[in-house]
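Colleague: Structural data only, the sequence is not supplied:
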Ligand SMILES: [Zn+2]
């Protein structure tokens, strides 16, 4: 069959090392031109190709294996840049610094999203407080109507999406998304897809899915073409959509699985508590040998549930964004630094992150947060390093538990201990 031939995974990009005996969890390695990623792995968000509050030299100290940057936010910079990241010559070796790595200031595997999520969010997002996870349940039809109304902010055609950015008319579709992502030069890139709102109807999702599938084909086509021209490899993940609808999710899984993508992304939106249900609809239809990335998910409990279902990668702003606001993660839960203003104990007992090892206490961190601008920046840097290290270290422990067939025990033990602190 033609599709099967197409569908063969390419040259050892992803290798599964071990499967858990009791769950769907799996241990693997992704080999990219800029290094290996042991999976399951957290993907740290570096929106504009920098991790907010960190110096380039801090990144490696946080056990970070891979970062994801946003195509939407780097758009202008990338297209205006004189850096020829992928086009130059076929003899240029793959370790040449890409646009992303120059900005990051350190070498490690990178990813970019397609820019679709941000663009489509302009059509719903903020005003109605629709996040990636919907809290309102069941669907409120009045809200749904207002969402459709809001889509007037953007116009979606078969080619892509028209919208306003900085007062200027802009357009983003699969071809341009792939061009920008090529310019950015990430090791792993994503196909352009339509993100719907959790409040969208079945009919709307059905139409959006047809566009997503068309764009998946086109993204692949553009990628293959540019790869031939430049001789440079980028691994492309297709994205399964379908909103909260089982039949659409299954249809999308089968379709995306039939195409020669290097990996599969699973896009939102889910209602609250619907994440596991959605993954269970999708996973059985995906090729086992390809890596799976759950987009925009990364709360502690969600991490365990996703890994348990066979997810290999996920990205989320939680470790970094919350650190900047003074929320510190520990094995006993997270706490707000303002509650520990007079307590000179470590951020986390026995934590081996560079900040705790340097003896920064909760009290010290609180004082820095409340200090001058410069001190606050320092505090945010400390908190960010600790939190990223915490999440990456947790994933390291998860990998160890899968290796030892103890994932379930580890999950239960960890979640029992992890509770919000007073
Ligand atoms: Zn620490």
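Modeller: Sure thing, it's come through. Just so it is clear, the structure is predicted and the values come from calculations on it, not from any experiment. Numbering: from 1, shown residues only.
Colleague: The stretch 51-200 of the chain: strands as residue ranges?
Modeller: Shown for the stretch 51-200 of the chain, the strands assigned by DSSP state E, counting those that start in this stretch span residues 67-69, 110-112, 133-134, 155-156, 161-165, 168-172, 188-190.
Colleague: closest one to residue 400 among these?
Modeller: Taking C-beta to C-beta as the criterion, strand 67-69 is the member of the strands of the stretch 51-200 of the chain that comes nearest to residue 400, at 22.7 Å. No exception for glycine: its C-beta is placed from N, CA and C like everyone else's.
Colleague: residue ranges of the helices in the stretch 101-250 of the chain, please?
Modeller: Using DSSP state H, counting those that start in this stretch, the helices of the stretch 101-250 of the chain run over 116-121, 141-150, 174-184, 202-230, 246-258.
Colleague: right, so these: which one is the most enclosed?
Modeller: Each of the helices of the stretch 101-250 of the chain was assessed for mean neighbour count using mean count of other C-beta atoms under 10 Å. The highest is helix 174-184, with a mean of 24.
Colleague: Check the chain and tell me which residue is nearest its centre.
Modeller: Note on the chain: the residue nearest the mean C-alpha position is residue 315, at 2.9 Å, using C-alpha atoms, centre = their mean.
Colleague: Pull out the buried residues from the host helix or strand of that residue.
Modeller: With elements taken from DSSP states H and E, the one containing residue 315 is strand 313-316. In terms of neighbour count (16 or more other C-beta atoms under 10 Å), strand 313-316 has its buried residues at 313-316.
Colleague: quick one: average confidence on that strand?
Modeller: The predicted model gives strand 313-316 an average pLDDT of 96.
Colleague: List the strands paired with that strand, with their directions.
Modeller: Taking DSSP bridges as the criterion, strand 313-316 pairs within the sheet with strand 41-45 (parallel), strand 292-294 (parallel).
Colleague: ok, then the element right after the shortest one?
Modeller: In this case it means strand 292-294. Going down the chain from strand 292-294, the next helix or strand is helix 300-308, by DSSP H and E.
Colleague: for the strands paired with strand 313-316, which one ends up most surrounded?
Modeller: Each of those was assessed for mean neighbour count using mean count of other C-beta under 10 Å. The highest is strand 292-294, with a mean of 27.
Colleague: Let's test this: mean pLDDT of that one, rounded?
Modeller: For strand 292-294, the mean per-residue pLDDT is 98.
Colleague: contact partners of that strand?
Modeller: Outside of strand 292-294, the residues within contact range by C-beta atoms under 8 Å, 6 or more residues apart in numbering are 43, 237, 263-266, 275, 279, 283, 286, 306, 310-315.
Colleague: sorry, back to before: wait, the residue nearest to the centre of the chain sits on residue 303?
Modeller: No: the pair formed by residue 315 and residue 303 falls short of the contact definition of C-beta atoms under 8 Å, at 11.2 Å.
Colleague: Got the domain ranges for this protein?
Modeller: The record's domain parsing of the chain by automatic domain parsing lists 2-316, 326-417.
Colleague: nearest to the ion, of these?
Modeller: Comparing these against the ion with C-beta to the ion, the closest turns out to be domain 326-417 (3.2 Å).
Colleague: Compare the mean pLDDT across the strands of the stretch 51-200 of the chain and name the weakest.
Modeller: Mean pLDDT values for the strands of the stretch 51-200 of the chain show the minimum at strand 133-134, a mean of 44.
Colleague: which regions of the stretch 301-422 of the chain sit below the pLDDT cut-off?
Modeller: When the per-residue scores of the stretch 301-422 of the chain are filtered using pLDDT under 70, the ranges that remain are 420-422.
Colleague: rewinding a little: how about the buried residues of strand 313-316, which pair is most distant?
Modeller: Farthest apart among the buried residues of strand 313-316 by C-beta to C-beta are 313 and 316. That separation is 11.0 Å.
Colleague: roughly how far apart are the residue nearest to the residue nearest to the centre of the chain when sequence neighbours are not counted and residue 259?
Modeller: Of all residues not flanking residue 315 in the chain, residue 43 sits nearest, at 3.8 Å (C-beta to C-beta, 6 or more residues apart in numbering). Distance, residue 43 to residue 259, by C-beta to C-beta, to the nearest Å: 22 Å.
Colleague: and the next element down the chain from the helix ranked longest in the chain?
Modeller: When secondary structure is assigned using DSSP state H, the longest helix within the chain turns out to be helix 373-403. Beyond helix 373-403 on the C-terminal side, the first helix or strand identified by DSSP H and E is helix 407-417.
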